[in-house]
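[1] Sequence and computational prediction follow.
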Amino acid sequence: MGTDLKSVLITKEEIDAKLAELAAKIDAEYAGKDLLIVGVLKGAVMVMADLARALSNPVTMDWMAVSSYGAGTQSSGVVRILKDLDTDIKGKDVLIVEDIIDSGLTLSWLLSNLGSREPASLNVVTLLRKPEAAKVAIDVKWVGFDIPNEFVVGYGLDFAEKYRNLPFVGTLAPHVYGG
Ligand SMILES: O=P(O)(O)OC[C@H]1O[C@H](OP(=O)(O)OP(=O)(O)O)[C@H](O)[C@@H]1O
Ligand code: HPA
Ligand SMILES: [Mg+2]
């Protein structure tokens, strides 16, 4: 795994099993409805791709790109829209798909931004959440794994844009980010 990684936190097999579990719940919740899933670029690319394929019901997909981390390991708290949705979500059932909720600042901002566009419903599914890092309380309907307050990479998650393509979630050795 190279010296940059400290450990594997969640294996590919554990991720696959969890996404299948979440997909079944999402299928049940939105049965008979037209669901739009919104992936938050870039981190949620892997979750979006694998979760979408685990769903049985047809969905439409759109993407938003926001960034609040830049090259560091701390959220700046300032969220920028890099790419907005292609579609109007007024009256639609919308599910935001995230890779991780850390401070919660990104999602809190997204919920208020998308909420103001008057969707019929707005929910969140995230693969990972760090309960100890929360700076704002957020109502999240589906969470894959609650994890310790350590910087993680892989399965879409980056450190300075690297490690996104790892098929698992791992923790980074402190020497990599100067910890
Ligand atoms: O709960 P928070 O503390 O706000 O952190 C979570 C957000 O941070 C990451 O995105 P980032 O802004 O790094 O962009 P990226 O997805 O392109 O890596 C991650 O993908 C979440 O969207
Ligand atoms: O732990 C993390 N790793 C990578 N990106 C992140 N964005 C928020 N938290 C993290
Ligand atoms: Mg990032």
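    Sure, I can see it. Ligands and ions are numbered 1, 2, ... in the order given.

[2] Dihedrals phi and psi, Ser108?
    phi -60, psi -40 (degrees, to the nearest 10).

[3] gap between it and Ala49?
    Counting by CB to CB, to the nearest Å, the separation of Ser108 from Ala49 is 25 Å. Yep, even glycine has a C-beta here, placed from its N, CA and C like the rest.

[4] Of those two, give the one with the bigger neighbour count.
    Ser108 (17 against 14; other CB atoms under 10 Å).

[5] so what's the residue nearest to that one when sequence neighbours are not counted up against?
    Excluding its sequence neighbours, the residue lying closest to Ser108 (CB to CB, 6 or more residues apart in numbering) is Val136, at 4.6 Å. Shown in contact with Val136 (CB atoms under 8 Å, 6 or more residues apart in numbering): Ser103, Gly104, Leu105, Ser108.

[6] And what about the closest residue to Ala54 other than its chain neighbours, helix, strand or coil?
    Once flanking residues are discounted, Ala54 sits nearest to Ala23: 3.6 Å by CB to CB, 6+ apart. Put simply, Ala23 is helix when judged by DSSP: H, G, I helix; E, B strand; the rest coil.

[7] Ok, Asp50 next?
    Asp50 - assigned by three-state DSSP - is helix.

[8] burial measure for it, as a count.
    Around Asp50 there are 18 residues (other CB under 10 Å).

[9] State whether it and Lys18 are indeed in contact, as I suppose.
    No - here Asp50 lies out of contact with Lys18, judged by CB atoms under 8 Å, at a distance of 10.0 Å.

[10] Run through the strands of the chain in chain order.
    Along the chain, counting by DSSP state E, strands occupy 5-10, 35-41, 59-67, 80-83, 93-101, 121-129, 142-146, 152-153, 169-172.

[11] Tell me which of the ones you listed sits nearest to ligand 3.
    Between ligand 3 and the strands of the chain, the shortest gap by CB to the ion is with strand 59-67, which sits at 7.2 Å.

[12] Relative to ligand 3, how far out is the closest residue to ligand 1 within the chain?
    As assessed by CB to the nearest ligand atom, ligand 1 sits closest to Gly43 within the chain, at 2.6 Å. Gly43 sits 5 Å away from ligand 3, going by CB to the ion, to the nearest Å.

[13] before we move on, what about Leu22?
    Where ligand 3 is concerned, Leu22 sits at a distance of 21 Å (CB to the ion).

[14] Report how many residues lie close to that residue.
    So Leu22, with other CB under 10 Å, has 22 neighbours.

[15] so what's the nearest residue to it once chain neighbours are set aside up against?
    Excluding the flanking residues, the one nearest Leu22 by CB to CB, 6+ apart is Trp142, at 5.2 Å. By CB under 8 Å, 6+ apart, the contact list for Trp142 reads Leu22, Lys25, Ile26, Asn123, Val124, Val125, Thr126.
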